[in-house]
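Asker: Could you look at this predicted model? Sequence included:
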Amino acid sequence: MANAKELSGAGLRGQIAGKTALSTVGKTGSGLTYRGYDVKDLAAHCEFEEVAHLILKGELPNQAELAAYKQRLKAMRNLPQALKEVLERIPASAHPMDVMRTGCSMLGNIETEQSFAQQHDATDRLLAIFPGLINYWYNFSHNGKRIEVETAADSIAEQFLWTLHGEKPTQLHTDVMNASLILYAEHEFNASTFTARVCASTLSDMHSCITGAIGSLRGPLHGGANEAAMELIEKMDNPDDAEAKLLGMLERKEKIMGFGHAIYAESDPRNAVIKEWSEKLAKANGDTSLYDISVRCESVMWREKKLFCNADFFHASAYNYMGIPTKLFTPIFVCSRLTGWAAHVMEQRADNRIIRPSAEYTGVEPRSVKPIAQR
Ligand SMILES: CC(=O)SCCNC(=O)CCNC(=O)[C@H](O)C(C)(C)COP(=O)(O)OP(=O)(O)OC[C@H]1O[C@@H](n2cnc3c(N)ncnc32)[C@H](O)[C@@H]1OP(=O)(O)O
Ligand SMILES: O=C([O-])CC(=O)C(=O)O
């Protein structure tokens, strides 16, 4: 069993900030469970929709329940005209995470969650619409194409790749995307989920909670690390060059994105899964250089700093092998983590007290206001 990380210091590290029945992170040092199931088990045996059902409704579905759930999501993919018009006004230079944030917020204006009784409907609609939403904007702003988002895709994994590339993806690519969505789905009180819960604790609506969470996920210390990792490894010519560049960065005390974790001590269980998929993709592509560079980065970081790859690092090469533009990496995380965020919002609502911690004051002592002429 891996050692637990010593949790103390700034950033609320180690503080119990609430209760959850959704997941455990690093409880045995390195494990991750969703409602009692090991994430590796789920990634090996399930479709993303099964895991979404587990997280949002409490149990894995049976065959009939899964078919009904997928059919329901499939029927909710259409983009309202008003949302298309907003997306068409966002320039190609925008960051896709900002597009996701705006898209989610806009949907909250036109399909507002009127009461908490609609929380599952609001969540399912977001799950169904997000892949098409981001790829509608991407194709319009980058290629001048208004794509059809109501595809024949059988799953959210397939829908993302289909709406991006305009054709049915290969089984290998669908399988990787499916595993990736499962790995990213839920992670206890991480920064973006905590954002969603804080928002939910004011009794706000689902779209506001998710919009806020997207803003928190965007940063390179959180979800944005998969893009930052790609920007790093694409500058490396080969494994030896990777080693030299990393040693230089460590010497200059630079942060290496895609490494380290706030909770896990020695490894992130999601890494082994996505690393294996990255290797399969590399072999299928007939060019393993990006994978080989990533493997060297992993061994150098462990040898030099005892820092390990988190979920994001091998996602960079895996997504790149599937022809996904780097700036769309973190929006995929959104399409997945939406399940965890929404389930946490529901959990917060079910047993709520407004989240309002205290601060240690470090400012000046009390003083009186001088009339403006005397300042
Ligand atoms: C899906 C996800 O969101 S996973 C996280 C994605 N984020 C990244 O990959 C960004 C890079 N990693 C990091 O910035 C950090 O490891 C975080 C934000 C994930 C966790 O932060 P913390 O809990 O504060 O890290 P931790 O306490 O383990 O840091 C210990 C030391 O290692 C250093 N360290 C941690 N990660 C890294 C890294 N990736 N590169 C270089 N040094 C690092 C810290 O700077 C710290 O050094 P110090 O004591 O001299 O300040
Ligand atoms: O838990 C965290 O701090 C970050 C993380 O890995 C996630 O949100 O998936």
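Answerer: All right, it came through fine. Since we're looking at a predicted model, the values are computed, not measured. Ligands and ions are numbered 1, 2, ... in the order given.

Asker: Next one: the closest residue to ligand 1 within the stretch 151-300 of the chain from His315, what distance?
Answerer: For the stretch 151-300 of the chain, the residue positioned closest to ligand 1 under Cβ to the nearest ligand atom is Gly260, at a distance of 2.5 Å. (Glycine included, C-beta is placed from N, CA and C.) Using Cβ to Cβ, to the nearest Å, Gly260 is found at 15 Å from His315.

Asker: same check, this time on Glu298
Answerer: Counting by Cβ to Cβ, the gap from Glu298 to His315 is 13 Å.

Asker: Looking at these two, which is more packed in?
Answerer: Set side by side, Glu298 and His315 show more neighbours around His315, with 32 against 20, by other Cβ atoms under 10 Å.

Asker: Leaving out the residues flanking it, which one is nearest to the more buried one?
Answerer: Spatially, and ignoring its direct neighbours in sequence, His315 is nearest to Asn226 (4.6 Å; Cβ to Cβ, 6 or more residues apart in numbering).

Asker: residues in contact with the one you found?
Answerer: Asn226 makes contact with Gly258, Asp312, Phe313, His315, Ala316, Tyr319, Phe329, Thr330, Phe333, according to Cβ atoms under 8 Å, 6 or more residues apart in numbering.

Asker: run the last query once more with 10 Å
Answerer: 180, 184, 220, 257-258, 274, 310-316, 318-319, 326, 329-330, 332-333 (Cβ atoms under 10 Å, 6 or more residues apart in numbering).

Asker: among these, which ones are buried?
Answerer: 180, 184, 220, 257-258, 274, 310-316, 318-319, 326, 329-330, 332-333 (16 or more other Cβ atoms under 10 Å).

Asker: Just want the phi and psi numbers for Phe259.
Answerer: Main-chain torsions, Phe259, degrees, to the nearest 10: phi -120, psi 150.

Asker: quick one, what contacts it?
Answerer: Contacts of Phe259 (Cβ under 10 Å, 6+ apart): 225, 229, 246, 268, 297-298, 301-302, 305, 307-310, 312-313.

Asker: Let's see that with 7 Å instead.
Answerer: By Cβ atoms under 7 Å, 6 or more residues apart in numbering, the residues touching Phe259 are Met301, Leu307, Phe308, Cys309, Asn310, Phe313.

Asker: and ligand 2, which of these reach it?
Answerer: Restricting these to those touching ligand 2 (Cβ under 6 Å from any ligand atom) yields Asn310.

Asker: Among the contacts of Phe259, which ones are in helices?
Answerer: Among the contacts of Phe259, DSSP state H puts Met301, Phe313 in helices.

Asker: and of the contacts of Phe259, the nearest to ligand 2?
Answerer: Of these, the one sitting nearest to ligand 2 (Cβ to the nearest ligand atom) turns out to be Asn310, at 5.9 Å.

Asker: for the residue found closest to the closest one once you drop the neighbours it is linked to in the chain, what are its contacts?
Answerer: Counting by Cβ to Cβ, 6+ apart, the nearest residue to Asn310 once its immediate chain neighbours are dropped is Asp268, at 4.5 Å. By Cβ under 7 Å, 6+ apart, the contact list for Asp268 reads His261, Phe308, Cys309, Asn310, Ala311.

Asker: Among those, which are located in strands?
Answerer: Of the contacts of Asp268, none are assigned to strands by DSSP state E.

Asker: okay if I get those residues as CSV plus pLDDT?
Answerer: CSV is the format used below for the contacts of Asp268 (pLDDT from 0 to 100):
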residue, pLDDT
His261, 95
Phe308, 97
Cys309, 98
Asn310, 97
Ala311, 97
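
Asker: Return the two entries of those that lie farthest from one another.
Answerer: Comparing every pair within the contacts of Asp268 by Cβ to Cβ identifies Phe308 and Ala311 as the most remote, at 10.9 Å.

Asker: And the average pLDDT for the longest helix seen in the chain is what?
Answerer: Determined from DSSP H, the single longest helix within the chain is helix 119-143. Taken as a whole, helix 119-143 has a mean pLDDT of 98.

Asker: May I see the buried residues of that helix?
Answerer: Those would be 119, 122-141, for helix 119-143 by 16+ other Cβ under 10 Å.

Asker: still on that earlier bit, please render the contacts of Asp268 as CSV that adds distance to Glu167 to the earlier fields.
Answerer: Below are these laid out as CSV (distance: Cβ to Cβ, whole Å):
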residue, distance to Glu167
His261, 36
Phe308, 37
Cys309, 31
Asn310, 32
Ala311, 28
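
Asker: Just give the number of residues close to Ala17.
Answerer: Ala17 has 12 nearby residues by other Cβ under 10 Å.

Asker: cool, Ala343 as well?
Answerer: 28.

Asker: before we move on, what about the one 3 residues further on?
Answerer: Counted with other Cβ under 10 Å, residues neighbouring Met346 total 18.

Asker: Provide a list of residues in contact with it.
Answerer: Contacts of Met346 (Cβ under 7 Å, 6+ apart): Gln119.

Asker: From what I see, Lys145 and Asn139 are in contact.
Answerer: Yes - between Lys145 and Asn139 there is a contact under Cβ atoms under 7 Å: 4.5 Å.

Asker: what about the spatially most central residue of the chain, distance to ligand 2?
Answerer: Ranked by distance to the mean C-alpha position of the chain (Cα atoms, centre = their mean), the top residue is Phe333 at 2.8 Å. Distance of Phe333 to ligand 2, given as Cβ to the nearest ligand atom, to the nearest Å: 8 Å.

Asker: Is it correct that that residue falls within a strand?
Answerer: No - counting by DSSP: H, G, I helix; E, B strand; the rest coil, Phe333 is not part of a strand but helix.

Asker: if you skip the residues just before and after it, what's nearest to it?
Answerer: Gly223 (4.4 Å).
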